[in-house]
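*Asks:* sharing a model that was predicted from the sequence below.
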Amino acid sequence: VGFMPPPAGGGAAGPPAAVNGELVGSVQAKLDAICDGGDLQRGDLDDRCMEQLKGLSEPLALEALQKLSEANLTTINSKSGFFMGILRRFREQSAMADPTTTHSAFSRLPPFLQGKIEKVIGSGELDAKCYHELLMLGDRGAADAVEKFCEANLRDIRNKTAFFLGIVKRIK
């Protein structure tokens, strides 16, 4: 996986993690706290990490730093590589949750699947990852997945995306 420049505008909902190329106070304070803990030195994270961190929204940057702080960094040789993995996952999650990406992925589904999904929950309830996974199943597998999803009692399911991805995983 190559280096991806951060998108303009913070990456996801929320204010950017950097203004004029500098981390905002809350993000810098979180990074400083991790360094003050002793497991991470200021030079352990290379420029790629810092640029990717600056490309996230402030809330996502704080979440990514929280994940970094929860890791046992004493056993990790490449802290930059480790943190790049965390940042990549957060960037992917924010991209899949983007309403534009979700709408685009939904519109590529066959019309009969769009109709079934909209009848049960509407097109905005699931994120783009669900629709991408449906497309990978082919028409028959996708129809089975949507059918199983529509048969479920969705009222008590808090995370419909995760529930749906579980159905897809079992069909694969």
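*Replies:* Thanks, I have it.

*Asks:* okay, buried residues for the host helix or strand of residue 161 please.
*Replies:* Per DSSP states H and E: residue 161 is located in helix 160-171. Neighbour-count burial for helix 160-171 flags 160-161, 164-165, 167-168 (criterion: 16 or more other Cβ atoms under 10 Å). In short, each C-beta sits where N, CA and C put it, glycine included.

*Asks:* for residue 155, give its distance to residue 54.
*Replies:* Distance check for residue 155 against residue 54: by Cβ to Cβ, to the nearest Å, it reads 41 Å.

*Asks:* neighbour count: those two, which is higher?
*Replies:* residue 54 (20 against 5; other Cβ atoms under 10 Å).

*Asks:* pretty sure residue 55 contacts residue 17?
*Replies:* Yes - the criterion here is Cβ atoms under 8 Å, and residue 55 meets it with residue 17 at 7.4 Å.

*Asks:* more neighbours, these two?
*Replies:* Set residue 55 next to residue 17 and count neighbours by other Cβ under 10 Å: residue 17 wins out with 27 against 22.

*Asks:* which residues does that one contact?
*Replies:* 10, 23-24, 27, 53-58, 60-62 (Cβ atoms under 8 Å, 6 or more residues apart in numbering).

*Asks:* number of nearby residues for residue 58?
*Replies:* Close neighbours of residue 58, defined as other Cβ under 10 Å, add up to 21.

*Asks:* hmm, it is touching residue 24, no?
*Replies:* Yes - contact criterion Cβ under 8 Å: residue 58 and residue 24 qualify, at 5.8 Å.

*Asks:* using CSV, list the CA coordinates for the one helix or strand residue 26 maps to.
*Replies:* Applying DSSP H and E as the criterion places residue 26 in helix 25-36. C-alpha atoms of helix 25-36 as CSV (Å, rounded to 0.1, in the frame of the first residue of the first chain):
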residue,chain,number,x,y,z
GLY,A,25,-4.0,22.2,20.4
SER,A,26,-6.0,19.1,21.4
VAL,A,27,-4.3,16.8,19.0
GLN,A,28,-0.8,18.2,19.9
ALA,A,29,-1.6,17.8,23.6
LYS,A,30,-2.6,14.1,23.1
LEU,A,31,0.6,13.4,21.1
ASP,A,32,2.6,15.2,23.8
ALA,A,33,1.0,13.2,26.5
ILE,A,34,1.9,9.9,24.7
CYS,A,35,5.5,11.1,24.4
ASP,A,36,5.6,12.2,28.0
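
*Asks:* good, we can wrap up now.
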